[in-house]
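In: let me see the structure of the following:
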Amino acid sequence: MTASVAEEKHSPHHAPQSALVLMAMGIVFGDIGTSPLYTYKTIVDLAGGSPTDLVALGLLSLLVWTLLITTSLKYVTFVMRADNGGEGGILALMSLLRTHQHHRPLITACGLFGAALIYGDGAITPAISVLSAVEGLKMAAPTIAPYILPLAVAILLVLFAVQYKGTQRIGRIFGPVMTLWFLVIGGLGLWSVIQHPEVLSALNPWYGAHFLLTHGKTGFFVLGGVFLAVTGAEALYADMGHIGARPIRLAWYGMVLPSLLLNYAGQTALMISGVPIADNIFYQLCPPSLLIPMIVLSTVATIIASQAIITGAFSMTRQAIQLGWCPRLQITQTSAEGYGQIYIGAVNWCLMIATVGLTILFGSSDRLAAAYGIAVSLTMLLTTILLFVTMQEIWKWSLTASLALAGTFCVIDATFFSANLMKFLDGGWLPLALALAIYTVMCVWRNGSLAMAKHLQALTEPIDQFLTRIQTSGVARVPGTAVFLSRTTEQTPPLIIWHVAHNRALHRHIVVLTIMITQHAWVQEEMRFTAEKIAPDFWRLIGTYGFMEKPDIPKLLQQARAAGCELDLSDVTYYVGHETVIHCPDGKGLPLWQEKIYALLQRNSAKITDYLHLPSDSVVEIGRQIEV
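Out: Coordinates of the predicted model:
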């Protein structure tokens, strides 16, 4: 499905190209753009701490070609072509592939676990970014060293505490600040390269290959550090729906990639010149008189990078909710101008606890780097697997071409994942454990929802039989319109049957409403709903929304009435079910541990009335017990 009119209404893609490029600078590139703060220092430490000129060039060569192959070639050139109605991210890609064959457990598992891994990465990214920035204060004032950790924690607490306000106001300065950041780090790197132009020879991949072939296990460990340079590449794809592919590509090739390459080359030039590397070599590029302003700029840039990770987690959570893989959570729209400007309190506070906990537990960016990368490297590997399926099924490539390209990416991703896996005992298990827990929750929620739907389906009744029964039994008909929200699209919903059984009455006008969330990001307005007149004053209405859209039931009813449905909207009462989950006594339901988790999630999920934005004074909830 290509981008539609519906997409254009909810996206900023119609803005001037220059404005979109500036937005991309602030929203998309924060994570990958701040990686020079810690990446080169990490790989130098992994390589032994005092590399020779040949080793330094080898390290730079690995960085250069990793950026070019993984980010430029894989993500910017190919993966970003695999959009779902203009939306990107591994969940959007999973949904795109599942539209062709609905029962695809392997593809579903890849997409879901990849999404869960991004949460693990999201917990570490703010911690390592903020810590690496404020650690520069030790160079300007060594006596401040004991206060670095408390300062980083304080910055993170404030960052998460203000999320409820939304990013609309400060978002306008994100782009200019990150543009300044890239100009500064590129300029500092260029100045260093001019003084030692021999580092440009690292563009030759021979240096990287020579380092790996001659350093054995050390070279393999270094790859885990090199990978830190591209940990933000997944964000280019995930944020594509907010900005558009073209502005991201223009920003990447026009400023971000050159600035990153120049800065890494500049750090290498300093290394070759013999500058002491006891402190963070990134800050040694900066003149001493400008060190404090540079630390301030770095801190602001890392906060922006962290902000992008947090809001990305919000967007991914909404996708998971819409697709039925996550319990309903309270979603607050923080801006009328941008659909992507949302706040999800439960996600925010969970991320805050995880991030602050990791910051305190590890205590420094060096120790965090030992745990960083394992989650996102596995996500990239899973994305490559889904990309191969896309090449075959969506793009209709030959098997040879698909295997050649995706196979190359797969080998590279698997190598990086294997290298990062060496960090498992040093803390790498933490993001994996977090991802596994999130993946389990998503699967349990899906299984429980399907079990509940199956139970409710067994309680339905044919429409003709129901209508005959209420006529012959003399059920009273009262004025007004009753809208019954239901999962079923054919039979009489159990909700109506229970309502009649308990109240012995039924409204004059009846609407059975089913909300369907498609595997596409957006749905065209002309495809928004289908309406069927089942009997006089009895309508079945099916509303269809993309997984990036917000259902609006009152508006949907207005559209249906304007299209010819004979509905009296002056007096509407909405009926929704309030389910209480109980264990299936015959042992044929979910395993007990899943039932307990699902019941807990069900009790704490947001009310359907809040999720669908129904007027609270017009809603009647009917309680019922459901065996799963």
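In: for this structure, longest strand please?
Out: When the chain is parsed with DSSP state E, its longest strand is strand 505-517.
In: list the neighbouring strands of that strand plus their orientation.
Out: Strand pairing for strand 505-517, determined by DSSP bridges: strand 476-485 (parallel), strand 538-545 (parallel).
In: give me the next element, helix or strand, following the longest one.
Out: Following the chain from strand 476-485 toward its C-terminal end, the next helix or strand by DSSP states H and E is helix 494-503.
In: of the strands paired with strand 505-517, which stretch is the most buried?
Out: strand 538-545 (a mean of 20; mean count of other Cβ atoms under 10 Å). Quick note: C-beta positions are derived from backbone N, CA and C, even for glycine.
In: quick one, the very next helix or strand once past it and strand 505-517 angle?
Out: Scanning forward in sequence from strand 538-545 by DSSP H and E, the next helix or strand is helix 553-562. Taking axes from the mean of the first three to the mean of the last three Cα atoms, to 10 degrees, helix 553-562 and strand 505-517 form an angle of 100 degrees between their directions.
In: keeping just the C-alphas, turn helix 553-562 into CSV.
Out: What follows is helix 553-562, C-alpha atoms only, in CSV (Å, rounded to 0.1, in the frame of the first residue of the first chain):
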residue,chain,number,x,y,z
ILE,A,553,-16.0,6.7,17.3
PRO,A,554,-18.3,9.8,17.5
LYS,A,555,-16.7,11.1,14.3
LEU,A,556,-17.1,7.7,12.7
LEU,A,557,-20.9,7.7,13.5
GLN,A,558,-21.2,11.1,12.0
GLN,A,559,-19.6,9.9,8.8
ALA,A,560,-21.8,6.9,8.7
ARG,A,561,-24.9,9.0,9.1
ALA,A,562,-23.8,11.4,6.4
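In: looking at the protein, which helix is longest?
Out: The residue-count maximum for a helix in the chain (DSSP state H) belongs to helix 291-322.
In: who does the helix or strand following that helix touch, helix- and strand-wise?
Out: Next in sequence after helix 291-322, counting helices and strands by DSSP H and E, comes strand 331-333. With contacts taken as 3 or more Cβ pairs under 8 Å, 6 or more residues apart in numbering; DSSP states H and E, strand 331-333 sits against strand 342-344.
In: related to what we said a few turns ago, in the longest helix of the chain, what counts as buried?
Out: 291, 294-295, 297-322 (16 or more other Cβ atoms under 10 Å).
In: spit out the contact partners of the residue nearest in space to the middle of the chain.
Out: Compute the mean C-alpha point of the chain, and by Cα atoms, centre = their mean the closest residue is Met316, 3.6 Å away. Residues in contact with Met316 (Cβ atoms under 8 Å, 6 or more residues apart in numbering) are Gly89, Leu91, Ala115, Ile118, Tyr119, Ala238.
In: repeat that with 6 Å
Out: Contacts of Met316 were listed using Cβ atoms under 6 Å, 6 or more residues apart in numbering, and they are Ala115.
In: in this structure, what spans have low per-residue confidence?
Out: Within the chain, the segments meeting pLDDT under 70 span 1-15, 99-103, 166-172, 242, 277-278, 334-341, 519.
In: that older thread, quick check: the gap between the residue nearest to the centre of the chain and Pro197.
Out: Note on Met316: its distance to Pro197, by Cβ to Cβ, to the nearest Å, is 43 Å.
In: could you do Gly312 as well?
Out: Gly312 is 38 Å from Pro197, by Cβ to Cβ.
In: go on, Gly324?
Out: Here the criterion is Cβ to Cβ. By it, Gly324 lies 57 Å from Pro197.
In: one more: Asp83?
Out: Asp83 is 41 Å from Pro197, where distance means Cβ to Cβ.
In: give me the contacts around the host helix or strand of Lys596.
Out: In the assignment (DSSP H and E), Lys596 maps to helix 592-604. For helix 592-604, the external contacting residues (Cβ under 6 Å, 6+ apart) are Pro327, Val444, Trp445, Gly448, Val581, His583, Val628.
In: Leu601 versus the fifth one, what's the distance?
Out: Translated: Val581. In terms of Cβ to Cβ, Val581 sits 9 Å off from Leu601.
In: more neighbours: those two, which one.
Out: A direct count of neighbours by other Cβ atoms under 10 Å for Val581 and Leu601 places Val581 higher, at 22 against 18.
In: state the number of residues packed around the residue nearest to that one when sequence neighbours are not counted.
Out: With Cβ to Cβ, 6 or more residues apart in numbering as the criterion, Val581 has its nearest non-adjacent residue at 4.0 Å, and that residue is Ala599. The local packing of Ala599 (other Cβ under 10 Å) involves 19 other residues.
In: can you offset everything so residue one is 6?
Out: From this message on, residue numbering opens at 6, which makes the last subject Ala604.
In: what's in contact with stretch 46-53?
Out: Against stretch 46-53 from outside (Cβ under 6 Å, 6+ apart): Val60, Leu64, Phe226, Val227, Gly230, Val231, Asn285, Ile286, Ala374.
In: go again using 7 Å as the cut-off
Out: 56, 60, 64, 223, 226-227, 230-231, 233, 282, 285-287, 374 (Cβ atoms under 7 Å, 6 or more residues apart in numbering).
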